[in-house]
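> What follows is a protein structure lacking sequence information:
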């Protein structure tokens, strides 16, 4: 409660909160970016579908991977965002269509050359950009090899410029070994005691063009293989109305008790026009699985990584494909081209529907993961942050 009061930012809220991790050991540290896009003159938050507990719509964040990232949180935040977020200049199309599998130019998210709120003086941006470029190239190679998609990289483009939303919060990290404080301005800080986790995020925004298409960039190195998670834009206006109607105590919804959605919150339903789904990776999941099944029948069969990928794809398509496309589009029951045309119908708005779950007790399509709703409620409930967002 003390932490919630601190983040509320209302009258009488404390201006500083100190947490001793020796007294209350928590996993250190996870983080990323709360991405907001301006698209068609409206503001949207971008989320990825998470199929493992806690299930639902999640931020594209992750945990630190080096001792340097334990203290230099800026590197962690940008790296996680750049690894998981791919923006194409036009939607991807399968190889057997008229466009022959070429998307056109691909403008990837890139780190602006001047970003003092992310980097200490003297930090080399090129190191981080080079690391991100390697991930993008691996993504490009896997898309071509596994999905039959050729991505044309526009190296002459500076990419999208990310801009930071100011917040009244600053995280200061003091390590016993160095005693030198590391400061992260304009931060969002959340604690999830049920996962023994700490999350540090930044709110950043950019303009999403009319034909731009967002893809999940996450790669599992055990294959390696692409996760291909569906992506959603949810209107910030819709979320703000829901938050204000429910009041701060309930926020975006009541906390769920279902074991598959521990401490998640369900939005109930998202009205047509208040969301946009990027679903083409469901088709490419089917393409990749068909290729693996065909290879498994050959003389050489599948290697260990491919067997794991095959199991993951079968599980996902059996459990979730019909939730996104409709009950009559269950995996194995419909041909590939039917799946493709259904996805186009949904993405192009030819089918207008509220996004809701057939069984409210298992709200796969409307559930917000704990780190997601906690960050969103901080944004929606803090007047100074919301005012900054309205300036976009």
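Perfect, thanks for sending it. From a predicted model like this one, the values you see are computed outputs, not experimental measurements.
> What are the buried residues along stretch 291-308?
Within stretch 291-308, the residues that count as buried by 16 or more other CB atoms under 10 Å are 291, 292, 302, 306. Backbone N, C-alpha and C define where each C-beta goes, glycine included.
> Take these and keep only those in helices.
Within those, membership in helices is found for 291, 292, 306, as judged by DSSP state H.
> neighbours around residue 355, how many?
Residue 355 has 17 neighbours, counted by other CB atoms under 10 Å.
> how about the nearest residue to it once chain neighbours are set aside, what does it touch?
Residue nearest to residue 355 in three dimensions, not counting chain neighbours: residue 270, with 4.2 Å by CB to CB, 6 or more residues apart in numbering. With contact set as CB atoms under 8 Å, 6 or more residues apart in numbering, residue 270 has these partners: 234, 238, 354, 355, 356, 366.
> Could you check how far residue 270 is from residue 58?
16 Å (CB to CB, to the nearest Å).
> Ok, residue 217 next?
In this structure, residue 217 and residue 58 are separated by 14 Å, where distance is defined by CB to CB.
> do the same with residue 386
Between residue 386 and residue 58 the distance, using CB to CB, works out to 22 Å.
> next one: residue 390
Here residue 390 is placed at a distance of 25 Å from residue 58 (CB to CB).
> Look at these two and report which has more neighbours.
In this comparison of residue 390 against residue 58, neighbours counted by other CB under 10 Å, the higher total goes to residue 58 at 22 against 10.
> Does that one touch residue 45 like I think?
No - assessed by CB atoms under 8 Å, residue 58 is found out of contact with residue 45, at 11.4 Å.
> burial of residue 251, as a residue count?
Burial measure for residue 251: 21 neighbouring residues, criterion other CB under 10 Å.
> Could you shift the numbering so residue one becomes 37, and keep it that way?
Got it, first residue is 37 now, which makes that one residue 287.
> element containing it, please.
Mapping residue 287 onto the secondary structure by DSSP states H and E places it in no helix or strand at all.
> For residue 246, state which of the buried residues of stretch 327-344 is nearest.
Within the buried residues of stretch 327-344, proximity to residue 246 (CB to CB) peaks at residue 327, which comes in at 32.3 Å.
> Roughly how far does the closest residue to the closest one other than its chain neighbours sit from residue 264?
Nearest-residue entry for residue 327: residue 182, 7.2 Å, with adjacent residues in sequence omitted and distances by CB to CB, 6+ apart. With distances taken as CB to CB, residue 182 is found 9 Å from residue 264.
> Ok, residue 175 next?
Looking at residue 175 against residue 264, where the rule is CB to CB, the gap reads 11 Å.
> Then residue 105?
When CB to CB is applied, the distance between residue 105 and residue 264 equals 26 Å.
> Likewise for residue 288?
Taking CB to CB as the criterion, residue 288 is separated from residue 264 by 27 Å.
> a strand runs through residue 235, doesn't it?
Yes - counting by DSSP: H, G, I helix; E, B strand; the rest coil, one finds residue 235 located in a strand.
> Identify the residues contacting it.
Residue 235 is in contact with 65, 66, 67, 97, 224, 225, 226, 227, 228, 407, 410, 411, counting by CB under 8 Å, 6+ apart.
> Now for the first one, how many residues are close by?
The local packing of residue 65 (other CB under 10 Å) involves 19 other residues.
> I'd say it and residue 100 touch.
Yes - the pair residue 65 / residue 100 is scored as a contact, 5.5 Å apart, by CB under 8 Å.
> Quick check: neighbours shared by those two?
Residues touching both residue 65 and residue 100 (CB under 8 Å, 6+ apart): 106, 112.
> which residues touch the nearest residue to residue 332 once chain neighbours are set aside?
With CB to CB, 6+ apart as the measure, residue 338 is the residue that lies nearest to residue 332, at 5.0 Å, once sequence neighbours are left out. Contact analysis of residue 338 by CB under 8 Å, 6+ apart lists 328, 331, 332, 346.
> taking the residues you listed one by one, which sit in helices?
Among the contacts of residue 338, the ones falling in helices (DSSP H) are 328, 331, 332, 346.
> among the contacts of residue 338, which two are most distant?
The two members of those with the most space between them (CB to CB) are 331 and 346, at 9.1 Å.
> where does the residue lying farthest from the centre of the chain land on pLDDT?
In the chain, counting by CA atoms, centre = their mean, residue 335 sits farthest out from the average C-alpha position, at 38.9 Å. The model reports residue 335 with a pLDDT of 84.
> I'd like to know how far it sits from residue 80.
The separation that residue 335 has from residue 80, given CB to CB, amounts to 49 Å.
> a strand runs through residue 250, doesn't it?
Yes - residue assignment for residue 250, taken from three-state DSSP, places it within a strand.
> give the contact list for it.
Contacts for residue 250 were tallied using CB under 8 Å, 6+ apart; they are 82, 121, 122, 123, 124, 244, 267, 314.
> Just name the closest of the residues you listed to residue 297, please.
Distance to residue 297, by CB to CB, is smallest for residue 267 among those, at 19.7 Å.
> ok, that closest one - how many residues close by?
22.
> What of residue 416?
Neighbouring residues of residue 416 were enumerated by other CB under 10 Å; the total is 22.
> For the closest residue to it other than its chain neighbours, pull up the helix or strand it's in.
Taking CB to CB, 6+ apart as the measure, residue 416 lies nearest to residue 279, with 4.2 Å between them; neighbours along the chain are not counted. Using DSSP H and E, the element containing residue 279 is helix 272-282.
> Give the buried residues for stretch 233-249.
Under the neighbour-count criterion of 16+ other CB under 10 Å, stretch 233-249 has 233-242, 244, 248-249 buried.
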